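Chemist: Need a 3D model of the sequence below.
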Amino acid sequence: MPAVSKGDGMRGLAVFISDIRNCKSKEAEIKRINKELANIRSKFKGDKALDGYSKKKYVCKLLFIFLLGHDIDFGHMEAVNLLSSNKYTEKQIGYLFISVLVNSNSELIRLINNAIKNDLSSRNPTFMCLALHCIANVGSREMAEAFASEIPRILVAGDTMDSVKQSAALCLLRLYKTSPDLVLMGEWTSRVVHLLNDQHMGVVTAAISLITCLSQKNPDEFKTCVSLAVSRLSRIVSSASTDLQDYTYYFVPAPWLSCKLLRLLQCYPPPEDGAVKGRLVECLETILNKAQEPPKSKKVQHSNAKNAILFEAISLIIHYDSEPNLLVRACNQLGQFLQHRETNLRYLALESMCTLASSEFSHEAVKTHIETVINALKTERDVSVRQRAADLLYAMCDRSNAKQIVAEMLSYLETADYSIREEMVLKVAILAEKYAVDYSWYVDTILNLIRIAGDYVSEEVWYRVIQIVINRDDVQGYAAKTVFEALQAPACHENMVKVGGYILGEFGNLIAGDPRSSPLVQFNLLHSKFHLCSVPTRALLLSAYIKFINLFPETKATIQEVLRCDSQIRNSDVELQQRAVEYLKLSSIASTDVLATVLEEMPPFPERESSILAKLKKKKGPGAVSVTELEDSKREGGELNGGGDRGPDTSAMSASNASTPSPSADLLGIRSSAPAGTAPASAGNLLVDVFSEAGPAAPSAAVNDDGFLSSAPPSEDPAPPLSEADELLNKFVCKNNGVLFENQLLQIGIKSEYRQNLGRMYLFYGNKTSVQFASFTTSVSCPGELQSQLNVQTKQVEPLVEGGAQIQQVLNIECLTDFSDAPLLNIKFRYGGALQNLTLKLPVTINKFFQPTEMSSHDFFQRWKQLSQPQQEAQKIFKANHSMDTEVLKAKLLGLGTALLDNVDPNPENYVCAGVIQTKGQQVGCLLRLEPNAQAQMYRLTLRCSKDSVSRRLCELLAEQF
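Modeler: So this is what the prediction gives:
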């Protein structure tokens, strides 16, 4: 590249940039820019012709103004004129302006193309490179049409300089990615492939990026590159670091080129030529051997380059899946990384071993590391590493270790991050079913799963356990006994009630001989959960009750009394009312034979693939099952479990012989999907009455896989926040539980927990009156900038709240970046026909995402001095609002979320705290110092944080607490 002379410094540009930087306000900056634009416009329109230097200077100023975010609507022609200059700096600025500002639809594109053609044919390597860079930067279809046939010729020409070849290869790659139909290699294919043999390593590096992209789309045309890639890789791997001095990076020869060669080889199957394959195996063995050698440098760059090649080689070994020795060696090498101090290496090792576990050659080798992986699941601090460990346990599971792995995953579920709990539940359910030899163990596992993580157990999971129990006679009695015992727990998840209601309704007679589980005891146990359940579960329990009348005639009077009570036959929910009336009538007028026929035991389910596997695959997250795994499970599942996977047709539980299937019979999507525009069956239609031909369908809200609203719907005409909303919010800055709001109609309680940048909040809405709340809806919204700072997902609530009843709503919260506002909770309902509409601020404040940090006195004050910039500190002196009791102060500071540091401040009366606020994008370190003056009843609060907005917000919040 030509040297830039001293005269090209463009002093006018430097002065303009300095003026912009010295502006004290946005208005001053705009004024200075407008002045400059007027000056440039007058110069361009003036009678006096500008020389090349002046044009370049003014075009540079326009480019700088554009980069500041201002629109530029002139100067394009002057930039195009610079392209015809013979001076490098002027031509460079012209191309730079065009690359950034010129639209591909511009009228000037023809002039630009002519200038580029002139430079490409000039044989001046510097000008050719500038033209190629411009083509790649613009990358438009017009550029591809104009130059796609010209660039390959430049690339393979014998007299083209190496620097131009590099630019041509990368330019062609860019055009191929944007317009693959216009870049036709044809006659150039073999000559482009032979660039892998070029003497210049830079040309090879650029060419291999192009060849890899072309090979992925047209593998047959470029298959000759395999032998050349192996040959080049062999030369690099066997060379010493001194042989390729210009391309050696921290004692590792050509690491980027090596990685690209290994990635290119992954586009093809193992070489058929024995000599080429042998040479490639030698290369891979050499790479694995070098990984075992002591490092030649302690610098992190050396280990990064070395490990990059190693992981790419392991990926190639896994891709071929044909060399048992290499697969086992790769597994052992990854096993060493599982305990490495570098988190990224542990993550990559776990991820690669997940793939190795699926190979028949290396599966046993992977299993030897089970204890290390289990330890990683328990102790890793990074959630992404823990998730990879869970994926690897799932991948390495087989009949020999299934019970151990399932037990460990169940144990981890109790403390797992919210984001991965549902996937963990699905994996535990799949493993328990797939490798169950003793089906009593399977039943125990699934019931334990519901107990530990009931909120994350989807319908597919409890459907599946019911299907398996119905299809296997040998486990039905055990399942009835186990679920009966599980229901006796004081706190029982609703999914457990569903499973219990279904299984006891079908097989309660198998345990009725024991006085402790007599028919009446079973009924009373189920009915004790009735008032705590949602409408769909109550509907299922009513069907279980009518089944009880068939199984245990002695319970008929008791159950009829329940069905006859006003809360059932006059229930405001149409589904429950219809069931109660029809079941009561059926039990009263039908003979014993008719009842036995209508309510006979459910038939076995037909064999179909497991919908749990299908659901896990649908999530498409890391560790999701493959298609082959689905097929294997379908084959094994049918053989092992004797049952397929449609959801338990709970309407058939009421009337097994009903000729018309209910809308709920296809909840798992086994049959073809509903036509567009058809509302799916609602959860309330899990059960359909025995007399109707089809149950009523109700529209359901769009929810994500977790049952949470993916985005809170905007509330129509929401009320403004209550005048006391800020006061209510401040009550929860230093605590997570309590009553958020209460009036004569409604009480709202709150309970929340936070871990790192995630939180879960439970809202409890209590009806204090004896009158039902109708059309009860809630919505959570994030006003203004809060939408990009906080992600809040909500679960829907029941639209009816009975008098004296309480309903619960779950919110998942994710902190994306620091914030100052609070989400708004809008509640609407009708009480006695009158619409009630109120809006509160949810107590989600930035301090909820604190992680306490322990520090010594030396570390604290050293860090305190580091955070010494004025904007990093926020301080406030204020009068005490509450009693200055020592224990109360300590409790509030601990409730804040920070670590309270003892014996740190020289003054024992002062309090110091330290913590880190965890957001998705960054971590913000915070130090706090509270200096009380008991005599004056005053405080001085000082906060120093690595982000100024956090200091100010925390200071505002805390000043109200003391």
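
Chemist: So which elements touch the helix or strand containing residue 432?
Modeler: Assigned by DSSP states H and E, residue 432 belongs to helix 418-434. Helix 418-434 sits against helix 383-396, helix 402-413, helix 439-453, helix 459-471, helix 611-619, helix 627-641, strand 758-767, with contacts defined as 3 or more Cβ pairs under 8 Å, 6 or more residues apart in numbering; DSSP states H and E. The C-beta positions use only the backbone N, C-alpha and C, and glycine is treated the same way.

Chemist: Confidence-wise, which of these is weakest overall?
Modeler: Across these, helix 627-641 has the smallest mean pLDDT, namely a mean of 40.

Chemist: distance of the most centrally placed residue in the chain from residue 349?
Modeler: Geometric centre of the chain, nearest residue: residue 419, 7.4 Å, by Cα atoms, centre = their mean. Using Cβ to Cβ, to the nearest Å, we find residue 419 at a distance of 22 Å from residue 349.

Chemist: Sketch out the low-pLDDT regions of the stretch 651-800 of the chain for me.
Modeler: 651-717 (pLDDT under 70).

Chemist: Which parts of it are strands?
Modeler: 708-709, 737-742, 746-755, 758-767, 774-781, 790-795 (DSSP state E, counting those that start in this stretch).

Chemist: List the buried residues of stretch 924-943.
Modeler: Residues of stretch 924-943 classed as buried: 924-932, 939, 941-943 (neighbour count, 16 or more other Cβ atoms under 10 Å).

Chemist: And stretch 292-308, by the same measure?
Modeler: For stretch 292-308, a neighbour-count test (16+ other Cβ under 10 Å) marks 302, 303, 304, 305, 306, 307, 308 as buried.

Chemist: how far does that stretch stretch from start to finish?
Modeler: Chord length of stretch 292-308, first to last residue, is 14 Å (Cα to Cα, to the nearest Å).

Chemist: likewise stretch 431-438?
Modeler: One end of stretch 431-438 to the other measures 13 Å (Cα to Cα).

Chemist: how much distance is there from it to the middle of the chain?
Modeler: Its chain's C-alpha centre and that of stretch 431-438 lie 29 Å apart, by Cα atoms, centre = their mean, to the nearest Å.

Chemist: And for stretch 136-150?
Modeler: The chain centre lies 37 Å from the centre of stretch 136-150; the measure is Cα atoms, centre = their mean.

Chemist: which other residues reach that stretch?
Modeler: 98-100, 102, 104, 109, 113, 116-117, 120, 135, 167, 170-172, 174-175, 177-179, 182-184 (Cβ atoms under 8 Å, 6 or more residues apart in numbering).

Chemist: Got a quick ChimeraX command for the buried subset of the residues you listed?
Modeler: Selecting the buried subset of the contacts of stretch 136-150 in ChimeraX, with 16+ other Cβ under 10 Å as the burial test, is done by:
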select :98,99,102,109,113,116,120,135,167,170,171,172,174,175,178,179,182,183
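
Chemist: Can you list which of the contacts of stretch 136-150 are found in helices?
Modeler: Of the contacts of stretch 136-150, the ones assigned to helices by DSSP state H are 98-100, 109, 113, 116-117, 120, 135, 167, 170-172, 174-175, 177-178.

Chemist: how close does residue 234 sit to residue 268?
Modeler: Residue 234 is 16 Å from residue 268, by Cβ to Cβ.

Chemist: For residue 861, see how far away the residue lying closest to residue 899 once chain neighbours are set aside is.
Modeler: Nearest residue to residue 899, sequence neighbours excluded (Cβ to Cβ, 6 or more residues apart in numbering): residue 852, at 3.5 Å. Look at residue 852 and residue 861: by Cβ to Cβ, they are 18 Å apart.

Chemist: need the helices for the stretch 451-600 of the chain, in chain order.
Modeler: Along the stretch 451-600 of the chain, the segments classed as helices by DSSP state H, counting those that start in this stretch run 459-471, 473-486, 494-507, 519-528, 535-551, 556-564, 566-569, 574-589, 592-598.
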